[in-house]
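Trainee: Predicted coordinates and the sequence they were generated for:
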Amino acid sequence: MLHAVAVLALVLFSVAATASDASVVLVYQGKSGYQNVFVARFKERLKLNTTLLELDADSDDLSAQLEQVDGTARYIVAVGSRAATRIDAITLTTPTLYALITREKHQTLTSGANRRHSALYVEQPFSRMARLLSIALPDVEKVGVVLSERSLALEDELRAVSGRYPFEPVIRVANGTDTLHSALESLYSEVQVLLSLPDSKIINRRSVKNYLLGAYLRKIPVLGYSRTLVKAGALLAVYSTPDQIGAQAAGITNRVLEHGYPQEQLAYYPQEYLVAVNYQVARALGVDIASEEVLLDMLREQEAETK
């Protein structure tokens with residue numbers, strides 16, 4: 001009974017903050033089930049004595065609401081691309097964490113030079129994807145990657161990370177549907193795996209079906225970046241859930257409240273992650289691959305050894 005009362009008090013306390021007494025402002029789309037999972041874990045892990053003000057990223061009054069708390073709140077957490085876009089357009093001095101966004105989205109934000117901010121990405125670092133590939137498919141020698149003008153700046157990093165593993169990246173650049181088709185066609189005869197990055201110019205609602213089907217018909221496995229992509233036909237992926245990222249965001253927020261905001265602008269990749277495998281695709285491609293649990297354990301073990 002006492003535990004239930006304590007939990008209820010925490011919930012009531014965290015949502016009762018007003019603009020005048022909020023230490024943390026959380027901006028998100030309440031209609032998004034994905035973001036709501038993030039928010040639930042974030043609130044659970046936030047320090048007990050933290051006053052939290054929740055704002056709707058779709059509200060017409062968001063700008064006025066944020067300007068009212070600017071200078072009194074200690075931290076703003078923007079969840080998802082919509083919140084990031086809205087907040088980026090507002091002149092604020094309060095340090096901000098852009099959470100649950102892609103690296104691509106982060107690079108489009110324009111207020112970075114004028115605001116102390118950090119980003120917590122939804123995707124995985126290249127090093128983790130490469131390590132999973134070396135564990136799951138150790139005989140692969142060449143890995144195909146298609147970049148757009150948005151992600152072309154990542155080429156050097158991609159080559160540097162791949163240099164630590166026994167496979168070579170084969171990179172093509174595409175800037176439209178026609179050039180994407182041509183880029184993929186030129187890779188099919190040269191590579192054993194396609195590595196997919198969350199580049200909306202390459203993989204989007206219009207292109208994803210042909211992207212995955214083309215590789216499948218040529219028996220080329222796809223290493224994806226989300227469980228959704230695996231369900232759609234990629235062989236495997238390493239990914240993080242909104243629950244995991246929400247817990248990490250709360251940890252970052254707690255440190256800022258306790259120690260202050262770090263001087264440098266920081267970008268964080270997810271600390272916790274899972275592995276997904278499409279075993280139906282594996283059988284169709286004739287690929288012998290370990291269980292998700294074994295792959296995850298090996299990936300975590302190898303990552304721990306490098307820290």
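Mentor: Everything's here; your move. Numbers count the residues shown, from 1 in each chain.
Trainee: what are the ranges of the strands in the chain?
Mentor: 24-28, 52-56, 75-79, 96-101, 117-121, 142-147, 168-173, 193-195, 222-224, 236-239, 266-268, 274-277 (DSSP state E).
Trainee: Which other helices and strands does the second one contact?
Mentor: When contacts are defined as 3 or more C-beta pairs under 8 Å, 6 or more residues apart in numbering; DSSP states H and E, strand 52-56 sits against helix 2-15, strand 24-28, helix 62-69. To be clear about C-beta, it is placed using only N, CA and C from the backbone, and glycine gets the same treatment.
Trainee: now that strand against helix 62-69, angle please.
Mentor: 160 degrees (axes from the mean of the first three to the mean of the last three C-alpha atoms, to 10 degrees).
Trainee: Go ahead and measure how far strand 52-56 is from the middle of the chain.
Mentor: 22 Å (C-alpha atoms, centre = their mean, to the nearest Å).
Trainee: What strands flank that strand, and is each parallel or antiparallel?
Mentor: Strand 52-56 pairs in its sheet with strand 24-28 (parallel), by DSSP bridges.
Trainee: report the angle between the axes of the partner strand and strand 96-101?
Mentor: 30 degrees.
Trainee: The strands of the chain: which one's closest to His259?
Mentor: Smallest distance to His259 across those (C-beta to C-beta): 11.9 Å, for strand 75-79.
Trainee: Neighbouring strands of the closest one in the sheet, and parallel or not?
Mentor: Strand 75-79 pairs in its sheet with strand 24-28 (parallel), strand 96-101 (parallel), by DSSP bridges.
Trainee: pLDDT on that strand, on average?
Mentor: Computed over strand 75-79, the mean pLDDT rounds to 97.
Trainee: do the same with stretch 257-265
Mentor: In this model, stretch 257-265 has a mean pLDDT of 81.
Trainee: Which residues does it contact?
Mentor: Contacting residues not belonging to stretch 257-265 are listed as Ser23, Val24, Lys47, Thr50, Arg74, Tyr75, Pro95, Gly112, Arg116, His117, Ser118 [C-beta atoms under 8 Å, 6 or more residues apart in numbering].
Trainee: please redo it, this time with the cut-off set to 6 Å
Mentor: Pro95, Arg116 (C-beta atoms under 6 Å, 6 or more residues apart in numbering).
Trainee: quick check, distance from it to the centre of its chain.
Mentor: For stretch 257-265, the distance to the chain centre is 22 Å (C-alpha atoms, centre = their mean).
Trainee: Just the buried positions in it, please.
Mentor: By 16 or more other C-beta atoms under 10 Å, the buried positions in stretch 257-265 come out as Leu257, Tyr261.
Trainee: okay, it in PDB with CA atoms only?
Mentor: Output of stretch 257-265 as PDB, limited to C-alpha atoms (Å, rounded to 0.1, in the frame of the first residue of the first chain):
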ATOM      1  CA  LEU A 257      21.000  18.700 -12.900                       C
ATOM      2  CA  GLU A 258      23.600  17.400 -10.500                       C
ATOM      3  CA  HIS A 259      26.800  18.600 -12.100                       C
ATOM      4  CA  GLY A 260      25.700  21.300 -14.600                       C
ATOM      5  CA  TYR A 261      25.900  21.300 -18.400                       C
ATOM      6  CA  PRO A 262      29.200  20.200 -19.900                       C
ATOM      7  CA  GLN A 263      31.000  22.900 -21.900                       C
ATOM      8  CA  GLU A 264      31.400  21.000 -25.100                       C
ATOM      9  CA  GLN A 265      28.500  20.100 -27.300                       C
END
